[in-house]
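Q: Next comes the sequence, and after it the predicted model I'd like to discuss.
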Amino acid sequence: MKNNNLNKLQLLIWLILLVSMRISYVNAEQPSKVSYQQWKSEQQSQDRQLKKAPTTNTTSSSHYLSKPALSSASNSQKIKLNSASAELFQQLSGIGQKKAEAIVAYRSKNGKFKSIDEIQDVKGIGPAIFAKNKDRLAL
């Protein structure tokens, strides 16, 4: 009889423990639901503000939020042929590591560039690549 009461007491303790764990688990979930609702309302508010904002492009009203904006500083900053490193040359359109290294090697072998057109003498750089980048080149 004593053993039976002990088993019932253990069962009752386990039951209380399980119920208390379930209550604490439910309470732990509650803040995440609140923060999700808060996040969702903030996102909807931002969406409404974006729809109200005037667009500068009148031909198309669609825009991509995930597409990074191109900084005007990187496009307007000229790359000096006579002093730029291979890393800087790689910022040009169509210029990878090998062509950038070829430009630096050409400069060290033949001396400073006398005009930006002379970059076309470097192997692998033709009129098409030069035309794409001539606005960003300087001596």
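A: Sure, I can see it.
Q: Settle this for me: P127 is touching Q120, isn't it.
A: Yes: applying Cβ atoms under 8 Å, one finds P127 in contact with Q120, separated by 6.6 Å. To be clear about C-beta, it is placed using only N, CA and C from the backbone, and glycine gets the same treatment.
Q: quick one: least confident helix or strand in this protein?
A: In the chain, no helix or strand scores lower on mean pLDDT, DSSP states H and E than helix 72-76, which sits at a mean of 48.
Q: immediately after that helix, which helix or strand?
A: strand 79-80 (DSSP states H and E).
Q: Which strands and helices lie in contact with that following strand?
A: strand 137-138 (3 or more Cβ pairs under 8 Å, 6 or more residues apart in numbering; DSSP states H and E).
Q: related to what we said a few turns ago, out of P127 and Q120, which sits in the more crowded spot?
A: More crowded of P127 and Q120, by other Cβ atoms under 10 Å: Q120, with 13 against 10.
Q: For the more buried one, report the pLDDT, please.
A: pLDDT for Q120: 86.
Q: doesn't A131 make contact with it?
A: No: the criterion here is Cβ under 8 Å, and Q120 misses it with A131 at 9.9 Å.
Q: So this structure: which segments form each domain?
A: Taking automatic domain parsing as the reference, the chain has its domains at 1-50, 77-138.
Q: Kindly compare burial across those and name the winner.
A: Most buried of those by mean neighbour count (mean count of other Cβ atoms under 10 Å) is domain 77-138; its value is a mean of 15.
Q: Start and end of that one, how far apart?
A: Start-to-end span of domain 77-138 (Cα to Cα, to the nearest Å) is 10 Å.
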